[in-house]
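Visitor: test case, fold it:
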Amino acid sequence: MKRLVLVVLLLLPFGAIAQDDYDFGTYWTVTAVDTKPGHFDGYLTDLKAGWRKSLDIQIKDGKVVSYQMFANVNPRDGEPNLWLLVEWKSGAAMLDTPKEYWDAHTKKLWGSQKKGEEEGMKRGELRTLMGDTLMREISFN
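Guide: Residues are numbered from 1 along each chain as shown. Reported below is the predicted structural model:
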């Protein structure tokens, strides 16, 4: 027991020092997308019309900081050919936004909830969503 306490006491300063070497930053959502054969350009056109416009509104509203797209140049079998990244101002801006905001956002973007749903269904013909990941940026001091 005394050895365990000694080991813990010896490791404490190192843990405290290590923690001061980095800071947590913004949250990122990363979406893996596999466009259907022959639809890559069409999907990018769709993203420009809807996704980009939506995120530009969210930037103006102070929810989103930035967004990016990355093409997977040489995707292996089972890998997406496109990654969509969104940098959120905070976890709360992403997770705690009330439904009323999103309803108003959809109306601003598409004119109505029904039109937004129709656009989403059309988008499904162009791509397969392979998954979403929530990440948090870490930077060294």
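Visitor: grab the most central residue of this protein for me.
Guide: Nearest to the geometric centre of the chain sits Thr29, at 1.5 Å (CA atoms, centre = their mean).
Visitor: report the secondary structure state of that residue.
Guide: Classification of Thr29 using DSSP: H, G, I helix; E, B strand; the rest coil returns strand.
Visitor: repeat that for Asp34.
Guide: strand.
Visitor: what's the answer for the one 3 residues further on, then?
Guide: Three-state call for Pro37 (three-state DSSP): coil.
Visitor: and what of the one 10 residues further on?
Guide: Assigned with three-state DSSP, Leu47 falls in the helix class.
Visitor: what's the pLDDT at it?
Guide: Leu47 carries a pLDDT value of 96.
Visitor: hang on, it packs against Met69?
Guide: Yes - look at Leu47 against Met69 with CB atoms under 8 Å: they come within range, at 7.3 Å. For glycine as for every other residue, the C-beta is placed from the backbone atoms N, C-alpha and C.
Visitor: list the residues that contact both of the two?
Guide: Between them, Leu47 and Met69 share these contacting residues under CB atoms under 8 Å, 6 or more residues apart in numbering: Leu84.
Visitor: okay, the two: which has more neighbours?
Guide: Neighbour totals were compared for Leu47 and Met69, and Leu47 leads with 21 against 14 (other CB atoms under 10 Å).
Visitor: now do the contacts for the more buried one.
Guide: Per CB under 8 Å, 6+ apart, neighbours of Leu47: Met69, Leu84.
Visitor: for the residue nearest to the centre of the chain, which non-adjacent residue is closest in space?
Guide: Using CB to CB, 6 or more residues apart in numbering and skipping the chain neighbours, the partner closest in space to Thr29 is Val86 (4.8 Å).
Visitor: what about the one you found, which helix or strand?
Guide: Applying DSSP states H and E as the criterion places Val86 in strand 82-88.
Visitor: that strand pairs with which strands?
Guide: Sheet partners assigned to strand 82-88 using DSSP bridges are listed as strand 22-35 (antiparallel), strand 64-71 (antiparallel).
Visitor: any buried residues in that strand, and which?
Guide: Neighbour-count burial for strand 82-88, counted by 16 or more other CB atoms under 10 Å, picks out Leu82, Trp83, Leu84, Val86, Glu87, Trp88.
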